[in-house]
Structures are given as structure tokens and as C-alpha cells.
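>>> return atomic coordinates for the entry below.
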Amino acid sequence: MDAGARGAGLGVTQAGAPPGADLGCSSEYSIGTFQAIRIYLNNEIYELEKGLIAAEKSLKPDGILAVISFHSIEDRIIKKFLVDCSKSQADSRYLPENSKNNNSFEILTRKPISPSEKEIATNNRSRSAKLRVAKRTNSPSCFGEEE
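Numbers count the residues shown, from 1 in each chain. As a prediction, this is how the structure comes out:
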């Protein structure tokens, strides 16, 4: 168990850890647990969603939104937000195309941009970073007008 876990009096367990894994000696499994606790306690998912909506409402047309995520949960939320805000067609290919153009973003990076091996070698913390970029269109906000 690492010093942080001992100091907090927490026992470290991780769902999905291999049977018989010695979780007390390896920080590999405790990192995910503490990250999950931090995300929950800091309400990071809600804050991310709130920030994305505020950015969409306040960006002027042709403004660029660039978001870096460091966790797959964050990346999934950012991707879903950008996809939802860039839809201009019906969800089904069998339905007619939506006559209103409600796409408030044009996605500039279909796949996230990851750091190069050179960047990771000089900055190991960047290894999990993913950058997604979108451009604001002239369409109104998907979430109503700015408050």
C-alpha cells in the first residue's frame, strides 16, 4: 500500500484486478482507484459538462474550441458533446434529413490528436492526453442562449 493510502487509512482494491494480485505493493492498481475517488469528490464530470456548454454558448462564429482530456471518461464526454452539437441529420439514415441546420460545431479532428513519442519521452504525463478541436458555426447554441 502506498503512503497516501496508508495515511488515509484506506485499503486498496480494484475491480478487474487479476486474481491474487498484490494490490498492497503496486501503485498500478491504486492509481485508478484514487483517480476515481478524485473525479467523484471534485465533481469533475459535472464541471466538464458545464464548461463545455458555457464554451459553446460564449464562442463566437468561427471560434475554435480545443479540449484536452487525460482520462477516457472525460474523452467520451467531450466526443459525445461535439458529435451531438455537430449533427445536422436525423439519427437514422432512413429518416429524411433534418431541414434545420442545428449544428453549432464543425468537428475539425474526427479522431483525437495524441502526443508524439518524442513528446511522451520528454513529458511522460502527456501519454494519456487527447486533444479534440471543433469550430463554432453560425447556428444557435444547442443549449439555448447565453445567460
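>>> remind me which residues of this protein are low pLDDT?
Flagging of the chain using pLDDT under 70 yields the residue ranges 1-28, 88-101, 145-147.
>>> outline the domain layout of it.
Following automatic domain parsing, the chain resolves into domains at 3-41, 52-136.
>>> so how many other residues sit close to Lys130?
Per other Cβ atoms under 10 Å, the neighbour tally for Lys130 reads 20. Quick note: C-beta positions are derived from backbone N, CA and C, even for glycine.
>>> which one is it nearest to, not counting chain neighbours?
The shortest distance from Lys130 to any non-neighbouring residue, by Cβ to Cβ, 6 or more residues apart in numbering, is to Pro112 (3.7 Å).
>>> quick check: which element contains Pro115?
Pro115 belongs to no helix or strand when assigned by DSSP states H and E.
>>> that one contacts Thr122, correct?
No - Pro115 is beyond contact range of Thr122, at 9.6 Å (criterion: Cβ atoms under 8 Å).
>>> out of the two, which sits in the busier spot?
A count of neighbours by other Cβ under 10 Å puts Pro115 above the other of Pro115 and Thr122, at 19 against 10.
>>> now the more buried one: how far from Cys85?
26 Å (Cβ to Cβ, to the nearest Å).
>>> for Gly144, same thing?
13 Å.
>>> ok, these two, which is more surrounded?
Legend: neighbour count by other Cβ under 10 Å for Gly144 and Cys85, higher for Cys85 (24 against 9).
>>> identify the residues contacting that one.
Contacts for Cys85 (Cβ atoms under 8 Å, 6 or more residues apart in numbering) come out as Glu56, Asn103, Ser104, Phe105, Ala134, Cys142.
>>> what about the fourth one, neighbour count?
It stands for Phe105. 24.
>>> again with the first one
As a burial measure, Glu56 scores 21 neighbours (other Cβ under 10 Å).
>>> residues touching it, list them.
Glu56 makes contacts with Leu65, Phe81, Cys85, Ser104, Phe105, Arg136, Ser141, Cys142, Phe143, as judged by Cβ under 8 Å, 6+ apart.
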